[in-house]
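A.B. asks: Got a sequence here, can you model it:
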Amino acid sequence: MTPSNRNARDEMNAWMDGRGAAFLAELGIRECDVVLDFGCGPGTYALPLAQVVGPQGRVIALDRSAGQLEELKRRITGSPLRNRIDITRTDGDLTLNGIEDGSLDAALLFDVLQHVEDWRPLIFSLRRSLAPGGLLLINPSGLSHPGRVDLDLLASILAEEGFTVERAVRDRVAHYDRIREEEILVCRRS
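C.D. replies: Numbering: from 1, shown residues only. You can find the predicted model right below:
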């Protein structure tokens, strides 16, 4: 294994072993929260979220890829975190029909917007699903995929749907299977 591959693996292990949970807590995820990880993949954020929300919280890990969800299931088998994560497969529907109005404390859109053709139905559904004051964390992947997400359009849609961008945080975060510098938008539902 090359030194750079070893460093990437070590950084990713540190993310999964507590660095990710600490970062998400710094962004505003709290113990007992109910959090949606939209486009959860193999659990790079769902697992740290489950660490933060604790045994009284819940993470809804939503993805359309059966393979990604199977990998997440494999990762939580035998783990105490398995009781905190609800794994849900979607057919790509952006209306979040299975999630009750106002039932979420927070939602993550990390590294998914470049895969969604029209963000309006998703942002509208998140507004409906989040409780007033709910937290929306967005990684628009602007540093790793420059130009794929129109940040001005995103800001406009967020404002139209009653979200306020409180701040942008730039840090090294999980991006697929590596840790990379990215920017996270911390938003609140009115």
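
A.B. asks: When you work out contacts or count neighbours from here on, use the C-alpha atoms and nothing else.
C.D. replies: Noted.

A.B. asks: What residues sit buried inside stretch 133-146?
C.D. replies: 134-142 (16 or more other CA atoms under 10 Å).

A.B. asks: Check these and tell me the two furthest apart.
C.D. replies: Put simply, by CA to CA the two of these set farthest apart are Gly134 and Gly142, 23.6 Å from each other.

A.B. asks: quick one: which of the buried residues of stretch 133-146 sit in strands?
C.D. replies: 134-139 (DSSP state E).

A.B. asks: got TSV for those, with distance to Ile29 too?
C.D. replies: Output for those, formatted as TSV (distance: CA to CA, whole Å):
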residue	distance to Ile29
Gly134	10
Leu135	8
Leu136	10
Leu137	10
Ile138	13
Asn139	15
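
A.B. asks: Of those, which is the nearest to Asn13?
C.D. replies: The nearest member of those to Asn13, counting by CA to CA, is Asn139 at 20.5 Å.

A.B. asks: Name the residues that touch stretch 27-39?
C.D. replies: The contact list for stretch 27-39 (CA atoms under 8 Å, 6 or more residues apart in numbering) reads 45-46, 49, 52-64, 103-110, 112, 135, 137, 186.
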